[in-house]
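> Mind looking at a prediction? Sequence and model below.
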Amino acid sequence: MSHLALYTFGVLKSPLSDAAPLTREFYDIGGAVYRKMSQHPGYLAHAEAVDGGPGELFGADWGAWGGFAVPSWYGKGRTAETTALATTLSLWTGLRPAFDAIYTGLHREALNRRYDWFERTGKPNYVFWWVSDGGIPTWQDGVSKLQHLHDHGSAPHAFTFHDSFAPDGTPARIKDIGQKSDRGRSQGSLVHGADG
């Protein structure tokens, strides 16, 4: 059985160490969102540093998730004081559970406010791919998949909710993707999309 890997990446307007209220708010909401998402049905695991404090992403030991990596378009700091990014690497049982987790509760609220915290880069902010049961995706896998998505669009080995694929490589569709929400926007456009 395959599991779904999800890599997300965003460039923050301010470093995580910034004491400004908006940055603190993002940090606090992010922690709460992570706790809630980890309790969602279909969630399996996410990359956590074995050591290192808040903001120490680049030098931390990530165990089986591999060395920390970011896309080439990230041009801000790489120390605990200057890092201005938010990124996740997680495993899910499938597309529907991931979709449901992203569009409920605190995470949905945070998505609606993402431009309070994140820069509009014009680059994709997330990518999915399938891994074999027991497989652990690495940070470098996520960066490579996101770069492929940016350069070539969705494919069976690097895709989005809108253009998704089953583990066997055939196109897949999730009910409700692209349907109009009660606010008249396409639900799919609220996902970590390419700043859309």
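All right, it came through fine.

> residue ranges for the strands of the protein, please.
Under the criterion DSSP state E, the chain carries strands at the ranges 2-11, 43-46, 85-92, 126-132, 164-165, 171-172.

> biggest helix in this structure by residues?
Assignment by DSSP state H gives helix 21-37 as the longest helix of the chain.

> Output the strands of the chain as TSV; include the columns mean pLDDT and mean neighbour count.
From N, CA and C alone the C-beta is placed, and that goes for glycine too. Formatted as TSV, the strands of the chain follow (pLDDT from 0 to 100; neighbours: other CB atoms under 10 Å):
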stretch	mean pLDDT	mean neighbour count
strand 2-11	97	22
strand 43-46	96	15
strand 85-92	96	21
strand 126-132	97	20
strand 164-165	96	18
strand 171-172	94	14
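
> Could you dump the ones you listed into a markdown table and include distance to residue 100?
Formatted as a markdown table, the strands of the chain follow (distance: least, CB to CB, whole Å):
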| stretch | distance to residue 100 |
| --- | --- |
| strand 2-11 | 13 |
| strand 43-46 | 10 |
| strand 85-92 | 10 |
| strand 126-132 | 14 |
| strand 164-165 | 14 |
| strand 171-172 | 15 |
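
> how about the lowest-mean-pLDDT helix or strand in the chain as PDB, C-alpha atoms only?
Every helix and strand of the chain was ranked by mean pLDDT, DSSP states H and E. The lowest is helix 21-37, at a mean of 88. Listed next in PDB are the C-alpha coordinates belonging to helix 21-37 (Å, rounded to 0.1, in the frame of the first residue of the first chain):
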ATOM      1  CA  PRO A  21       3.000  40.600  16.900                       C
ATOM      2  CA  LEU A  22       2.100  39.300  13.500                       C
ATOM      3  CA  THR A  23       5.200  37.000  13.500                       C
ATOM      4  CA  ARG A  24       4.400  35.700  17.000                       C
ATOM      5  CA  GLU A  25       0.800  35.200  15.900                       C
ATOM      6  CA  PHE A  26       1.900  33.100  12.900                       C
ATOM      7  CA  TYR A  27       4.200  31.000  15.200                       C
ATOM      8  CA  ASP A  28       1.500  30.400  17.800                       C
ATOM      9  CA  ILE A  29      -1.100  29.500  15.200                       C
ATOM     10  CA  GLY A  30       1.300  27.300  13.400                       C
ATOM     11  CA  GLY A  31       1.900  25.200  16.500                       C
ATOM     12  CA  ALA A  32      -1.800  24.900  17.200                       C
ATOM     13  CA  VAL A  33      -2.400  23.900  13.500                       C
ATOM     14  CA  TYR A  34       0.300  21.200  13.700                       C
ATOM     15  CA  ARG A  35      -1.200  19.700  16.900                       C
ATOM     16  CA  LYS A  36      -4.700  19.600  15.400                       C
ATOM     17  CA  MET A  37      -3.600  18.200  12.000                       C
END
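
> Good, wrapping up.
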